[in-house]
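>>> Predicted model, plus sequence, below.
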Amino acid sequence: MKRFFALPLLGVVALTVAIPSLAQQTPRVGFLYFGSRGSAMATGRYDAFVKGMREQGYVAGKNFTMEERFAGGNMDALAAAANELVRLRVEVIVATGNPAVQAARKATKEIPIVVTATADPVREGFAASLERPGSNITGLYTSAAELVTKQLELVRLQLPKLSRIALLTNPASTSHPRIVKNVEAWGAQNRVAVHSYPVTNQADIESAFAGMARERTQALLVCADTFFLQQATQISQLALKQRLPTIAWTKPFTQAGALMSYGQDSNDNFRLAAGYVDKLFKGAKAAELPFARTPKVSLTVNRTTFRALGLTVSKEIESRVDEVIE
């Protein structure tokens, strides 16, 4: 009788030991976002990453776990979130916005970090080279400093008499100083006065637009930045109220009322970032995974805003447009 009951008991013991072991094999992704949860959802970035993971064969809650942390544009909250993800021992951290990458890098030198977009990973100090990063950071990059020249050219095509342009920058961004230099150099060459407005919070945005009104600014360029994307509606609506033609780097701005956007498809970046996560899950080393340049760049115009500002889309712009928002 003792033998009869002992065998099932041993089976139960073995099963209870095996269950935690299986649970430990489920990989975890830390999703570190500098902006708010609402911004990540509204722009479609979060859903794009989830879709990308599904395309790679991963379903959250089934064969991988998502640990999501949103800082709402707060640097202290961002540092705390990065440290928390490290304490949770996630296998990979997906970081959005250079401040998020910096916070993650400061928190860990071992856990792989996948960047959804950065202007220049080598110049930023994230990688030794694009082909072989040599660190725990890899992912996608876009040459924002190069794109800004194209953005300026588009503004000039639409506003040939442009003489004063404003620039929204974020002092927390390590890539913006280079962008400012490029814009100022372009301004000097084209006889366009450039005025930069450093912005770190919503109050600064209001102050910046007040300054633009005083300077009689004729156009606005918004530098690529996660915080600015979070405030796309506020920025675009203030520009519209002030009758200020505005160009940004991504479509959510034109959807919110900006005149034009030219740059990478940020949602596509999030989908592609999932491919890096998959490789890292399967044993690849971040130090050996090359950075990839954002493949898709597009021009979007908001025809309603053109009409509201009393403008007609120029023939040169019309011939280059990829998408029109009515």
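Done, it's in.

>>> mind listing the helices in this protein by residue range?
Secondary structure of the chain (DSSP state H): helices at 2-24, 37-42, 45-55, 75-87, 98-107, 144-158, 176-190, 202-214, 226-230, 232-241, 251-256, 266-281, 303-308, 315-318.

>>> Highest mean neighbour count across the ones you listed, which stretch is it?
Mean neighbour count (mean count of other CB atoms under 10 Å) peaks for helix 226-230 among the helices of the chain, with a mean of 25. Every residue, glycine included, has its C-beta placed from N, CA and C.

>>> sorry, back to before: quick one: closest of the helices of the chain to Glu326.
Of all the helices of the chain, the one in closest proximity to Glu326, counting by CB to CB, is helix 303-308 (5.4 Å).

>>> what's the offset of the closest one from the middle of its chain?
Centre-to-centre, helix 303-308 and its host chain are 27 Å apart (CA atoms, centre = their mean, to the nearest Å).

>>> before we move on, back to that, mind giving me TSV with the helices of the chain and columns for mean pLDDT?
Output for the helices of the chain, formatted as TSV (pLDDT from 0 to 100):
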stretch	mean pLDDT
helix 2-24	41
helix 37-42	90
helix 45-55	96
helix 75-87	96
helix 98-107	93
helix 144-158	89
helix 176-190	93
helix 202-214	95
helix 226-230	86
helix 232-241	95
helix 251-256	92
helix 266-281	94
helix 303-308	96
helix 315-318	94
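
>>> Let's have those in CSV, adding distance to Thr169.
Conversion of the helices of the chain to CSV gives the following (distance: least, CB to CB, whole Å):
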stretch, distance to Thr169
helix 2-24, 45
helix 37-42, 19
helix 45-55, 22
helix 75-87, 16
helix 98-107, 13
helix 144-158, 11
helix 176-190, 4
helix 202-214, 10
helix 226-230, 9
helix 232-241, 13
helix 251-256, 16
helix 266-281, 19
helix 303-308, 23
helix 315-318, 25
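
>>> between these, which gets nearest to Phe291?
Short answer: helix 266-281, nearest of the helices of the chain by CB to CB, at 9.7 Å.
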